[in-house]
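[1] what follows is a predicted structure for the sequence shown.
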Amino acid sequence: MRARVLLLALALTLTQAPGVDANKINKSSNPAIGPTGGYVYRYVANKQQRKDINNKWQPKDSRKEGSFDSIRVSAYKSINSLSADPNFSNIKLEYLVRPGYPKQIEQVVRLQVEKVASRFSPLLSRFETAKIIMITEKDKNWVRSDLPKIVSTEFFGGSIEILDWYNTKERFFSRGGTGGGIAYYITDKGFAFYISHTSSLATLETFWPEVPPHEFTHALQGFLTNGFTDRYPNGHPESNWNGHFVEGSANTLGMALGFETLGWYSDEMDKLLKQEIQRSTALPKMNNLQDSVALIKAIEERNSENTSQFVYSAGQFVWEYFIGKYGVEKYVELLRNMPKANNFNENLKAIIGKDKQAFYQEAGTYLLKNWKRISK
């Protein structure tokens, strides 16, 4: 019996701690911190701006490419070099927005989904459909009665229980204050869905621009592999999927497509890992390359009590390295080749000529270097 690999980028309910080193910002103003600890963004004429500590909105970042690791620069450029199809000719977007969903956030989610769809459309060899469903805590009854008519409960299940935390601003903030999402590709129905959930009280002050592109990357994963079915659970030696491949790579693409300057992308990448290191109650050893490779192997599975929180935050560095070293085209090839490959190891060898052990040594070196830098 084939086990279904359920892709849930849930809530991303992260209390986002400051992660920018002010000494490295040069002429850029330090970013303002919002009420839940995240940086604050808005969009003017469809362009992203970030608030600084003087409450001024900055449309750009003055740091030069030389301020960042060459792998980081290469990954960011590679992802953002994907050709754009402004009409997203190969993707049909169907929106279902519930009445209580905040209009400000709806506008930005639409903007981001369509931006990402324009980048992903040229990668597809056939026409695909994505259903974008936006809900709040006011929709709990609708979720129980009507949502299953569109998306079976097996694909979202108890994940929507987080809506219970959205009924007051205090409870919403206690779960990160950003809202989140769930995305999956339903093979037998032939469409992807992205359920965007947030509080009806939410504003752009706490919105995190990483979420929509992260979730739509799951749609791309499903489009290119024709679904997520696998005979084995994530991380099994014979599985094509593992935790850091599913969620870490979605985070890398989500960060690169979610933040419109290299500097802001870099800040958000570092901040996410920094906060996970700081709040971990069972911090894994990270003294040498062996430790780093061991962590990458541990986050192949997504149910490890001590390391599962690093699937996103450390996993994104693994795939930043992959894309920075080999290019986003190779990432796309990995997905396209998956139906032909017997497992993840075989797929890697087919696409980059290196097995999992060799790749983990490379990516582990990069992860270790950044872990030590961020931990200072």
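    Noted; the coordinates are in hand. Residues are numbered from 1 along each chain as shown.

[2] these two touch, right, residue 226 and residue 335?
    No. Residue 226 is not in contact with residue 335 according to Cβ atoms under 8 Å; the separation is 10.0 Å. From N, CA and C alone the C-beta is placed, and that goes for glycine too.

[3] what about those two, which has more around it?
    residue 335 (20 against 14; other Cβ atoms under 10 Å).

[4] name the SS class of that one, please.
    For residue 335, the assignment made with DSSP: H, G, I helix; E, B strand; the rest coil gives helix.

[5] identify the residue nearest it in space, chain neighbours excluded?
    Of all residues beyond its chain neighbours, the one nearest residue 335 is residue 224 (3.8 Å), with distances taken as Cβ to Cβ, 6 or more residues apart in numbering.

[6] what mean pLDDT does the host helix or strand of that neighbour get?
    Using DSSP states H and E, residue 224 falls within helix 211-225. Taken as a whole, helix 211-225 carries a mean pLDDT of 97.

[7] what helices and strands are in contact with that helix?
    helix 103-120, strand 128-135, strand 180-186, strand 191-197, helix 249-258, helix 328-337 (3 or more Cβ pairs under 8 Å, 6 or more residues apart in numbering; DSSP states H and E).

[8] which helix in the protein has the most residues?
    Identified as the longest helix of the chain according to DSSP state H is helix 356-375.

[9] show me which residues of that one are buried.
    356, 359-360, 362-364, 366-371, 374 (16 or more other Cβ atoms under 10 Å).

[10] what's it in contact with?
    19, 69, 71, 270, 273-274, 277, 286, 288-289, 291-293, 295-297, 314, 317-318, 320-322, 325, 344-345, 348, 352, 354 (Cβ atoms under 8 Å, 6 or more residues apart in numbering).

[11] would you write a PyMOL line that selects the buried entries of those residues?
    A single PyMOL command is used to select the members of the contacts of helix 356-375 judged buried by 16+ other Cβ under 10 Å:
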select buried, resi 19+69+71+270+273+274+277+286+292+293+295+296+297+314+317+318+320+321+322+325+344+345+348+352
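
[12] the residue lying closest to residue 124 once chain neighbours are set aside and residue 194: what is the separation?
    Distances taken as Cβ to Cβ, 6+ apart put residue 90 closest to residue 124, at 4.2 Å, once the chain neighbours are dropped. Going from residue 90 to residue 194 by Cβ to Cβ, to the nearest Å gives 17 Å.

[13] more neighbours, these two?
    The neighbour comparison of residue 90 against residue 194 (other Cβ under 10 Å) goes to residue 194, with 24 against 17.

[14] ok, that one touching residue 134?
    No. Counting by Cβ under 8 Å, residue 194 stays clear of residue 134, with 9.1 Å between them.

[15] where does pLDDT dip in the stretch 1-150 of the chain?
    Low-confidence segments of the stretch 1-150 of the chain (pLDDT under 70): 1-28.

[16] for it, what spans make up the strands?
    Using DSSP state E, counting those that start in this stretch, the strands found in the stretch 1-150 of the chain span residues 3-4, 41-44, 47-51, 57-58, 91-97, 128-135.

[17] for the third one, buried residues please.
    Yep, that's strand 47-51 we're talking about. Buried, per 16+ other Cβ under 10 Å, within strand 47-51: 48, 49, 50, 51.

[18] for it, name the packing helices and strands.
    Where contact means 3+ Cβ pairs under 8 Å, 6+ apart, strand 47-51 is packed against strand 41-44, strand 57-58.

[19] what does the last one give?
    The contact analysis (3+ Cβ pairs under 8 Å, 6+ apart) places strand 128-135 against strand 91-97, helix 103-120, helix 147-150, strand 191-197, helix 211-225.

[20] strands paired with that strand, and their directions?
    strand 91-97 (parallel), strand 191-197 (parallel) (DSSP bridges).

[21] before we move on, the earlier item: send me the longest helix of the chain as PDB with only the CA atoms.
    Extracted as PDB, the C-alpha positions of helix 356-375 are listed here (Å, rounded to 0.1, in the frame of the first residue of the first chain):
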ATOM      1  CA  LYS A 356      23.600  11.400  -1.000                       C
ATOM      2  CA  GLN A 357      26.700  10.900   1.100                       C
ATOM      3  CA  ALA A 358      28.800  13.100  -1.200                       C
ATOM      4  CA  PHE A 359      26.200  15.800  -1.400                       C
ATOM      5  CA  TYR A 360      25.600  15.800   2.400                       C
ATOM      6  CA  GLN A 361      29.300  16.300   2.900                       C
ATOM      7  CA  GLU A 362      29.200  19.400   0.700                       C
ATOM      8  CA  ALA A 363      25.900  20.800   2.100                       C
ATOM      9  CA  GLY A 364      27.000  19.900   5.600                       C
ATOM     10  CA  THR A 365      30.100  22.100   5.300                       C
ATOM     11  CA  TYR A 366      28.000  25.000   4.300                       C
ATOM     12  CA  LEU A 367      25.400  24.400   7.000                       C
ATOM     13  CA  LEU A 368      28.200  24.100   9.700                       C
ATOM     14  CA  LYS A 369      29.800  27.400   8.600                       C
ATOM     15  CA  ASN A 370      26.500  29.300   8.700                       C
ATOM     16  CA  TRP A 371      25.400  27.600  12.000                       C
ATOM     17  CA  LYS A 372      28.600  28.800  13.700                       C
ATOM     18  CA  ARG A 373      28.300  32.300  12.200                       C
ATOM     19  CA  ILE A 374      24.700  32.700  13.300                       C
ATOM     20  CA  SER A 375      25.300  31.200  16.700                       C
END
